[in-house]
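Participant: Any chance you could fold what I've pasted below:
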Amino acid sequence: MDRKLDLAIERPTESVPEMVVRRISKAIADGLLPPGRQLTERELTELTGVSRTSVREAMRHLQTLGLVEASPSRGVRVAVLGSAEVREIYEVRDALEPAAAELFVLRATDDEVAALVEKVQPRATGDERLRAIFEFDELLVAGARNTLLASMLSPLHTRIHALRSLSVTIPGRREASIKEYRDLADAIVDRSPERAAEASHRHVRAAAKAALEAVKILEKQRQ
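Facilitator: Next up, the predicted model:
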């Protein structure tokens, strides 16, 4: 079944531009707005049902997060990541995510641990697995209870998640990633911050290698 791009804003619980940022970020993470996708004010105004002023403010914020960029033609587009950008993203992730794993072990409740573990259970489809991984990352950041760390990791995770559909095309990567997440979950269940940090390091480094390989293949195809 085809997925539908739905950015409509309903019950406001935050500022309108913030809601637009959240909706567009989610669409990028879910692959509904792929890298290179042109984004016009008119289309986004129609899809979200909000004013052009709110759309412009949201676009400025999304640019600061690195999720959209100036288009070579006009307007903006979903950011297209090259090898250099991907390498930098994963270097930062490798510095921050193990810290989040350690803090999660130390601060998360038993219910939060159980919710995290549920996300590494077998999934029926690839889309469900990818969504579960994104939710795992969100839960990990939330349970770490560090707002500064969350402000840096959350947009990073959105950019990384947009790359995952490429990374899993590398032979054996999907299976390896599932095992890495289960190893991390096991360390968290055992309440071992050291093992959790090490499992996170191993996963991020393996993921970086696969992402770089996939992006280099894509770059060659674009030439």
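
Participant: quick one: contacts for Glu219?
Facilitator: Gly82, Ser83 (CB atoms under 8 Å, 6 or more residues apart in numbering). Yep, even glycine has a C-beta here, placed from its N, CA and C like the rest.

Participant: Next one, pLDDT for it please.
Facilitator: Per-residue pLDDT puts Glu219 at 79.

Participant: and it, how far is that from Asp127?
Facilitator: Relative to Asp127, Glu219 is positioned 25 Å away (criterion: CB to CB, to the nearest Å).

Participant: Name the helix or strand for the spatially most central residue of the chain, please.
Facilitator: Among the residues of the chain, Thr158 comes closest to the average C-alpha position under CA atoms, centre = their mean, at 2.5 Å. Using DSSP states H and E, Thr158 maps to helix 147-167.

Participant: Can you name the next helix or strand after that helix?
Facilitator: Sequence-wise, the next helix or strand downstream of helix 147-167 (DSSP H and E) is helix 173-189.

Participant: got the buried residues for that next one?
Facilitator: For helix 173-189, the neighbour count (16 or more other CB atoms under 10 Å) marks Arg173, Arg174, Ala176, Ser177, Ile178, Glu180, Tyr181, Asp183, Leu184, Ala185, Ala187, Ile188 as buried.

Participant: May I ask you to name the longest helix in this structure?
Facilitator: In the chain, taking DSSP state H as the definition, the longest helix is helix 193-222.

Participant: Just give me the least confident of the buried residues of helix 173-189.
Facilitator: By pLDDT, Arg174 ranks lowest within these, coming in at 89.

Participant: State whether it and Val168 are indeed in contact, as I suppose.
Facilitator: Yes. The criterion here is CB atoms under 8 Å, and Arg174 meets it with Val168 at 4.5 Å.

Participant: Low-confidence bits of this structure, can you list those?
Facilitator: Filtered on pLDDT under 70, the chain yields the residue ranges 1-3, 9-13, 223.

Participant: my guess is Leu184 contacts Ala196, does it?
Facilitator: Yes. Counting by CB under 8 Å, Ala196 is a contact partner of Leu184 at 6.3 Å.

Participant: Need the overlap of contacts for these two.
Facilitator: Taking CB under 8 Å, 6+ apart as the criterion, Leu184 and Ala196 both touch Ala101.

Participant: wait, is Arg77 part of a strand?
Facilitator: Yes. Counting by DSSP: H, G, I helix; E, B strand; the rest coil, Arg77 falls inside a strand.

Participant: quick one, what contacts it?
Facilitator: Contact analysis of Arg77 by CB under 8 Å, 6+ apart lists Gly36, Arg37, Gln38, Leu39, Val68, Glu69, Ala70, Ser71.
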